[in-house]
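Undergrad: show me how the following folds:
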Amino acid sequence: MEKRAFGKTDMQVSVLGFGGAEIGFENASPHIVKELLTAAIDQGLNVIDTAECYVGSEELIGNAVSNRRKEFYLFSKCGHGQNTKGEWSKAQITACIDRSLMRLKTDYLDLVQLHSCGLDILKKGECIEALQEARKAGKTRYIGYSGDGADAQFAVDSKLFDALQISVNIADQEPIDTVLEDARKQGMGVIAKRPIANAAWKSKSKPSNSYHVPYWERLQKLNFDFIGKEASEAVSTALRFTLSVPGVDVAIVGTTKPGRWRENADFIASGKLSEKEFAEIRARWADKVEADWVGQT
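TA: Numbering: from 1, shown residues only. Just a heads-up that it's a prediction; the model follows:
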């Protein structure tokens, strides 16, 4: 598994990480989570990303692989509690981090990220100060922001964060033309979320899950040739596109299926897309993009 430097940090991250949302929201069994994460770590995974609001995700990860803590980097997010959205005071952020440490059965995180808080919250600065204090206390090694659009741009421009997590994929290319270049120049570690655009092309009709609808609608108009081919080729091209974007260090993909992480790892084994393939996808975006095709939080 290829590894890349994670910005200016001391981490060398596997280009394919594991996103913990699905195991929480889909109520995966502890047995399944242990099986899939154990196998993935054995096969080269060294980035696990989760969040308090991903239902039971943190507990599942802690129970499954806390005994192998030194073998992977552990990222989590704070600010969105399980029962509410908007816990942004210093005390609430601190309590959230402490809960994450307990659930994940660790005494430190490699990265704590603010979870998509808006520009108004960021400008107040209290939540950022909470992360800085957590870093000073040794609860996290690095701090980051997870979000999109103008919020992400402000976080990058503030020069207060070590990392940025942002949506970037074949159906969400706006960040390539905006915030990613600034993040790269600053030496921020960059995590690509939704790196295969939720595989929204698999639905023959408009998805019932609203989370998938914006990408499905965009992909109908983008109409890339490769998304009509075998599923493996479509996923491979989409994932390799995201990992070909300058500045992207790791793409996180979630699953509840043992063996799927290895399948995705095999898809990207051939490395980045060719310059021609990458340019064709970018050109199609430039030709079809509409004004409201902004980053999806």
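
Undergrad: ranges for the strands of the protein?
TA: Using DSSP state E, the strands found in the chain span residues 3-5, 12-14, 16-19, 47-49, 73-78, 109-115, 140-146, 163-167, 189-193, 250-253.

Undergrad: Ser244 touches Phe278, doesn't it?
TA: Yes. The criterion here is CB atoms under 8 Å, and Ser244 meets it with Phe278 at 5.0 Å. Where you see a C-beta, it was placed from the backbone N, CA and C, and this is true even at glycine.

Undergrad: residues shared between the contacts of the two?
TA: Lys272 (CB atoms under 8 Å, 6 or more residues apart in numbering).

Undergrad: okay, now the residue nearest to Phe25 when sequence neighbours are not counted: neighbour count?
TA: Counting by CB to CB, 6 or more residues apart in numbering, Val55 is the residue found nearest to Phe25 once chain neighbours are left out, at 5.7 Å. Counted with other CB atoms under 10 Å, the neighbours of Val55 add up to 17.

Undergrad: and what of the one 5 residues further on?
TA: Taking other CB under 10 Å as the neighbour definition, Leu60 ends up with a count of 25.

Undergrad: with Ala269 instead?
TA: As a measure of burial, Ala269 has 12 neighbours, counting by other CB under 10 Å.

Undergrad: how close does it get to Phe25?
TA: 29 Å (CB to CB, to the nearest Å).

Undergrad: ok, now which ones touch Cys78?
TA: 51-52, 87, 93, 96-97, 100, 112-115.

Undergrad: so can I have TSV of those showing pLDDT and neighbour count?
TA: As requested, these are exported to TSV (pLDDT from 0 to 100; neighbours: other CB atoms under 10 Å):
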residue	pLDDT	neighbour count
Ala51	95	25
Glu52	93	22
Glu87	79	20
Ile93	94	24
Cys96	94	25
Ile97	96	23
Ser100	97	23
Val112	98	29
Gln113	98	28
Leu114	96	26
His115	92	25
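
Undergrad: CSV for the residues you listed, including distance to Thr297?
TA: Formatted as CSV, the contacts of Cys78 follow (distance: CB to CB, whole Å):
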residue, distance to Thr297
Ala51, 13
Glu52, 17
Glu87, 17
Ile93, 19
Cys96, 19
Ile97, 21
Ser100, 20
Val112, 18
Gln113, 13
Leu114, 12
His115, 10
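
Undergrad: out of those residues, which comes closest to Arg240?
TA: Proximity of those to Arg240 (CB to CB) peaks at Gln113, which lies at 25.0 Å.

Undergrad: hey, what's the closest one bridged with?
TA: Lys77, Gly144 (DSSP bridges).

Undergrad: contacting residues around it?
TA: Here Gln113 is in contact with 75-78, 143-146, 163, 165 (CB under 8 Å, 6+ apart).

Undergrad: kindly recompute the last result at 10 Å.
TA: Gln113 sits next to 49, 51, 75-79, 131, 140, 142-147, 155, 161-165, 191 when contact means CB atoms under 10 Å, 6 or more residues apart in numbering.

Undergrad: separate out the buried members of these.
TA: Listed as buried from those are 49, 51, 75-79, 131, 140, 142-147, 155, 161-165, 191; burial here means 16 or more other CB atoms under 10 Å.

Undergrad: for this protein, which spans come out with low pLDDT?
TA: Within the chain, the ranges that satisfy pLDDT under 70 run 81-85.

Undergrad: quick check, central residue of it?
TA: Lys193 (3.1 Å; CA atoms, centre = their mean).

Undergrad: show me what contacts Gly125?
TA: Gly125 touches 90, 132, 158, 160, counting by CB under 10 Å, 6+ apart.

Undergrad: quick one: it and Phe72, what's the gap?
TA: 31 Å.

Undergrad: number of nearby residues for Thr91?
TA: Rather than Thr, residue 91 is Ala. Quick note: Ala91 (other CB under 10 Å) scores 10 neighbours.

Undergrad: start at 802, not 1
TA: OK, 802 is where the count begins now, so the last one is Ala892.

Undergrad: that one touches Ile898, doesn't it?
TA: No. With contact defined as CB atoms under 10 Å, Ala892 does not count as touching Ile898 (11.1 Å).

Undergrad: residue contacts, the closest residue to Phe873 other than its chain neighbours?
TA: Distances taken as CB to CB, 6+ apart place Asn847 nearest to Phe873, at 4.6 Å, with adjacent residues excluded. Shown in contact with Asn847 (CB under 10 Å, 6+ apart): 802, 804, 812-815, 817-819, 841, 872-875, 1051.

Undergrad: between Ala892 and Ile898, what contacts are shared?
TA: Common neighbours of Ala892 and Ile898 (CB under 10 Å, 6+ apart) are Ala931.

Undergrad: show me where the stretch 902-1051 of the chain has its helices.
TA: Under the criterion DSSP state H, counting those that start in this stretch, the stretch 902-1051 of the chain contains helices at 920-925, 927-937, 950-959, 975-978, 980-987, 1014-1023, 1032-1045.
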